[in-house]
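> Here's a sequence, model it:
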Amino acid sequence: PYTDGKHLVVVSDFDRLMHIYRAIPDESNAPPDVVYQLPESTWDGELYNGTLLLAGRMLYVWKTLPLHGEKPDAMIRRTKDLEFRDLRGVAYDGTYTYIADRDGNRVLVYKGIPDESSSAVVTLDVQQPTRLSTDGTYLAVASTEAGAGGSVTIWKNADISTGVKGVLVGRGKTRSEEHT
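Residues are numbered from 1 along each chain as shown. Predicted structure coming up:
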């Protein structure tokens, strides 16, 4: 689910439906205002200042929320120098768009929202990245299918550049277990 504090968007990768609520429901089992049939399953999304991004085999971009079922403003399968393989995560912080290309074993970083003429400004090598999150200061990348239990890697956004390794977290003993 994605919300901007006023609207709610719920996407199902199982049946490829996007449910849009023009107001956040205040009762259980409230029906959506719009049900949108997506052309494919999407795995992750981002709602930022009215812009909705969904990641699947391509990147779907709505510059304004599709509150009445509007089609995407763009469906991007490739950028200037890269063809997307299997997008599993997307995050946007108002300055950069981060795209997890699972089968490409990479996270692509674009200035602004990419289009077909864009080039990635940074490519991060990440084994099977699947989910992304950023607050504008940190980028968190989950690799949920990479080995037993997967992994999470964190970068400081200001330090991101091609070849720079992030900090791997979430594996091994907890801090309390280390002191017993």
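
> List the residue ranges of this structure that fall below the pLDDT cut-off.
146-149, 170-180 (pLDDT under 70).

> switch the cut-off to 80
144-150, 162-163, 170-180 (pLDDT under 80).

> Now the residue most central in space within it: closest residue in space that isn't a chain neighbour?
Centroid-nearest residue in the chain, with CA atoms, centre = their mean: residue 90, separated by 1.8 Å. Once flanking residues are discounted, residue 90 sits nearest to residue 55: 4.1 Å by CB to CB, 6 or more residues apart in numbering. Quick note: C-beta positions are derived from backbone N, CA and C, even for glycine.

> residues touching that neighbour, list them.
42, 43, 44, 45, 87, 88, 89, 90, 99, 100 (CB atoms under 8 Å, 6 or more residues apart in numbering).

> Please report phi then psi for it.
Note on residue 55: its backbone torsions stand at phi -110, psi 130 [degrees, to the nearest 10].

> rewinding a little: what pairs with the one helix or strand the residue nearest to the centre of the chain maps to, parallel or antiparallel?
Using DSSP states H and E, the element containing residue 90 is strand 87-92. Using DSSP bridges, strand 87-92 pairs in its sheet with strand 96-101 (antiparallel).

> okay, the helix or strand that the strand it pairs with is followed by in CSV with CA atoms only?
For strand 96-101, the succeeding helix or strand toward the C-terminus, using DSSP H and E, is strand 106-111. Backbone C-alpha positions of strand 106-111 (Å, rounded to 0.1, in the frame of the first residue of the first chain) are rendered in CSV as follows:
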residue,chain,number,x,y,z
ARG,A,106,21.9,-3.8,-10.0
VAL,A,107,20.3,-0.8,-8.5
LEU,A,108,20.1,2.0,-11.1
VAL,A,109,20.1,5.6,-9.9
TYR,A,110,18.6,8.4,-12.1
LYS,A,111,18.5,12.1,-11.6
